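S.K.: Sharing a sequence plus its predicted fold:
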Amino acid sequence: MNTKWIWLFSLLLTLGGQFAYAQAPTDKFWVMFTDKGDLSQWQPQDFLAQRSLDRRAVQGIPLKYSDYPVSKAYVGGVSGEGAAVRYPSKWLNAVSVRMDDVTAARVATLPYVKEVKRIPKVSLEMDPIPSTEARAGYSAGFSQAQIQMIGLDKLHKNGYNGHGILISMMDNGFRDANKNPYLSHLIQSDRLVATWDFVHGESNVFDQGDHGQWTLSILAGWGESSTDTSYWFAGSAHGASFILCHTEDDASETHQEEDNWVRAMEYADSIGADLFSTSLGYRTLDNDSYTYADMDGNTTIITIAADIAASKGIVVVNSAGNDGAAKMLAPSDGDSVISIGAVNASRLRANFSAMGPSFDGRIKPDISAMGEGCSFVRSSGVLSQGNGTSFSGPVAAGMAACILQSAPGTHNMDLYRAIIRSADRYTNPDTLYGYGIPNAPEAYRILTGNALPSVAVTTALLGDSIAIYPNPAIDHFSLAIDNGTQPWEGTFEMADAGGRVVWSREIKVGAFYNVLHFTRADDYAFLPSGRYVLRILDADRKLKNSSKLSIFTER
């Protein structure tokens, strides 16, 4: 044969072999490691933010093996075998890779590899399209039904709106949330702490995904108008701060892997999230996937990771799913995950709400909240209503955030138990409602040992208005301040009849409705009976407001 043709034939064989290898089918796998190598090279500050370390410290949770990063040498070894590394998981001590079966067999023989697991395909549990046509508002209490059902309005009126709590949400994106007028306060007051798109590897989470924007509005939405109360809206934790994670890929026909969610959880933990609110559920699609028998709290990767998150002091709230009698979806089967079912405005179970129990017989869902006819805000800024446990989930998550704010330092599992104990079916739970519909004031009482203070002010205070109650005061008084969206620092001063300042407190006023409590024993035991003027000054000591207060030393 002519030498030229021999060379060309050899070249075609070579190219053909390379082409065949490049096109060889690959799947995603978890490569689980035996250990993490030398941990002495790491300091806690290398992989956790101070806020995350503080959360562990306040709950008495020590640094754990799962907090340390995966060995770079082990990941490099897996890559050296031909696997395409996606990203590591320190919680699972594993790395997510894409490889073919031949490569997987080689990787499995590495001395530091414990197991190679194919990642099963799963799907996003999307809610049905909202059953009620979009409207431009109903009344001053557009979200009132879902808030009042769980007694959350009473927490809000006491100034507990989630302020200081960092919530991470994982969903299919948050389309135009940065343009929605009912969510603008998050950006204006710097309470949108971080965003990351784990599908496309970028920080922009606002270019796709209506579902995530809907659920965010239920938690964080806020709107008040002094001229048209029909557009008012109050999210369940509108004063909280947020981390937004895009983990679900709608472009892949709703098929998605659990590893994006696991990665997002680790990311949010490292920043210092206090609470996870997720309206995603995961279901089987092929022969390698999970079955109901795997809904035992210990099998699915996503459930294992959710329980690990809880072990680090994070409150994990997840929608139970919309498949009714077809049972709940992972990770709602986790024993440390607060699984949320759905009811309607009449407190009756929605027929789509996923039933329990978990496969090993535990009560699931844990609790139920309003998810049928639930109020939310569309990406366009139009108020609407819709159905799904995706909606009851953020309603309940907001309640958990507000209670956590009211009882700083509470262990996450103590909060879990208090919420369950407050529910209306606590003594007689079932597999439809779980422990029932929770009651926020009762959960507050269980955690603090005190009844939630009664609030005399029941109407909104516009602008910089304040209200003092009770007035006259004897052994205590409270200030209710409607502050709008911008937090500020200032001074409260009390002057006597002669104009002398006899009492002063530096104070931080959060966004929205605030209630500040003062007691005679702790704050003004030295003051005699009389009439005083209470002045509120801003950071530049300019007068913001003043009001008269009478104090009596005895009844």
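M.R.: Done, it's in. Numbering: from 1, shown residues only.

S.K.: my read is residue 107 is in a helix, agree?
M.R.: Yes - counting by DSSP: H, G, I helix; E, B strand; the rest coil, residue 107 is found in a helix.

S.K.: ok, it - contacts?
M.R.: 31, 78, 81, 83, 97, 99, 113, 116 (C-beta atoms under 8 Å, 6 or more residues apart in numbering). Placement of C-beta: from N, CA and C, glycine included.

S.K.: contacting residues for the fourth one?
M.R.: Meaning residue 83. 29, 31, 97, 98, 99, 103, 104, 107.

S.K.: So residue 293 is in contact with residue 358, correct?
M.R.: No - between residue 293 and residue 358 there is no contact under C-beta atoms under 8 Å: 10.6 Å.

S.K.: Neighbour count for those two, which is higher?
M.R.: residue 358 (23 against 9; other C-beta atoms under 10 Å).

S.K.: From the chain's centroid, how far away is stretch 442-453?
M.R.: Put simply, stretch 442-453 sits 23 Å off its chain's centre (C-alpha atoms, centre = their mean, to the nearest Å).

S.K.: That stretch - what's its average pLDDT?
M.R.: Mean pLDDT, stretch 442-453: 94.

S.K.: Mind listing what's buried along it?
M.R.: Using 16 or more other C-beta atoms under 10 Å as the test for burial, stretch 442-453 gives 442, 443, 444, 445, 446, 447, 452, 453.

S.K.: For these, give me CSV that also has secondary structure.
M.R.: Shown next, in CSV, are the buried residues of stretch 442-453 (three-state DSSP):
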residue, secondary structure
442, helix
443, helix
444, helix
445, helix
446, helix
447, helix
452, coil
453, coil
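
S.K.: Pick out whichever of those residues sits closest to residue 175.
M.R.: Nearest to residue 175 among those: residue 443, at 33.3 Å, using C-beta to C-beta.

S.K.: Can you tell me the closest non-neighbouring residue to the closest one?
M.R.: residue 422 (4.0 Å; C-beta to C-beta, 6 or more residues apart in numbering).

S.K.: Surely that neighbour touches residue 438?
M.R.: Yes - using C-beta under 8 Å, residue 422 is in contact with residue 438, at 4.9 Å.

S.K.: Look at those two and report which has more neighbours.
M.R.: residue 438 (30 against 26).

S.K.: Give the full set of residues in contact with the more buried one.
M.R.: If you count contacts by C-beta under 8 Å, 6+ apart, residue 438 has them with 150, 367, 369, 396, 399, 419, 420, 422, 423, 424.

S.K.: where does residue 494 fall, helix, sheet strand or coil?
M.R.: Going by three-state DSSP: residue 494 is strand.

S.K.: burial of it, as a residue count?
M.R.: By other C-beta under 10 Å, 20 other residues sit near residue 494.

S.K.: quick one: which helix or strand includes the closest residue to it other than its chain neighbours?
M.R.: Computed as C-beta to C-beta, 6+ apart, the closest residue to residue 494 that is not its neighbour in sequence is residue 503, at 3.8 Å. For residue 503, the host element (DSSP states H and E) is strand 501-509.

S.K.: Over to residue 489?
M.R.: Assigning secondary structure by DSSP H and E places residue 489 in strand 488-495.

S.K.: other SSEs contacting that strand?
M.R.: On a contact count with 3 or more C-beta pairs under 8 Å, 6 or more residues apart in numbering; DSSP states H and E, strand 488-495 meets strand 501-509, strand 530-538.

S.K.: buried set for the last one?
M.R.: Looking back up the chat, that one is strand 530-538. 532, 534, 535, 536, 537.

S.K.: Would you mind getting the angle between that strand and strand 501-509?
M.R.: Orientation of strand 530-538 against strand 501-509 (axes from the mean of the first three to the mean of the last three C-alpha atoms, to 10 degrees) gives an angle of 40 degrees.

S.K.: average pLDDT for strand 530-538?
M.R.: On average, the pLDDT along strand 530-538 is 83.

S.K.: circling back: of the contacts of residue 83, which is the nearest to residue 197?
M.R.: residue 98 (18.9 Å).

S.K.: ok so the closest one is a helix residue?
M.R.: No - using three-state DSSP, the assignment for residue 98 is strand, not a helix.

S.K.: neighbours of the closest residue to it other than its chain neighbours, just the number please.
M.R.: Nearest residue to residue 98, sequence neighbours excluded (C-beta to C-beta, 6+ apart): residue 84, at 4.4 Å. Residues within reach of residue 84, counting by other C-beta under 10 Å, total 13.

S.K.: Look at residue 84 and report its pLDDT.
M.R.: 95.

S.K.: I'd assumed residue 269 was in contact with residue 64.
M.R.: No - using C-beta under 8 Å, residue 64 makes no contact with residue 269, being 11.4 Å away.

S.K.: So what does the residue nearest to residue 443 have for phi and psi?
M.R.: The phi/psi pair for residue 422 (degrees, to the nearest 10) reads phi -80, psi -10.

S.K.: got the contact list for it?
M.R.: Contact analysis of residue 422 by C-beta under 8 Å, 6+ apart lists 438, 439, 440, 442, 443, 446.

S.K.: What's the local residue count around the closest residue to residue 88 other than its chain neighbours?
M.R.: Spatial nearest neighbour of residue 88, excluding adjacent residues (C-beta to C-beta, 6+ apart): residue 70 at 4.0 Å. Residue 70: 20 surrounding residues under other C-beta under 10 Å.

S.K.: pLDDT below threshold where in the chain?
M.R.: 1-25, 120-141, 225-231, 250-257, 283-289, 455-465, 545-555 (pLDDT under 70).

S.K.: Could you check how far residue 147 is from residue 415?
M.R.: Distance of residue 147 to residue 415, given as C-beta to C-beta, to the nearest Å: 19 Å.

S.K.: The nearest residue to residue 294 once chain neighbours are set aside: neighbouring residues, count only.
M.R.: Using C-beta to C-beta, 6+ apart and skipping residues adjacent in sequence, the residue nearest residue 294 is residue 300, 5.8 Å away. Residues lying near residue 300 (other C-beta under 10 Å) number 24.
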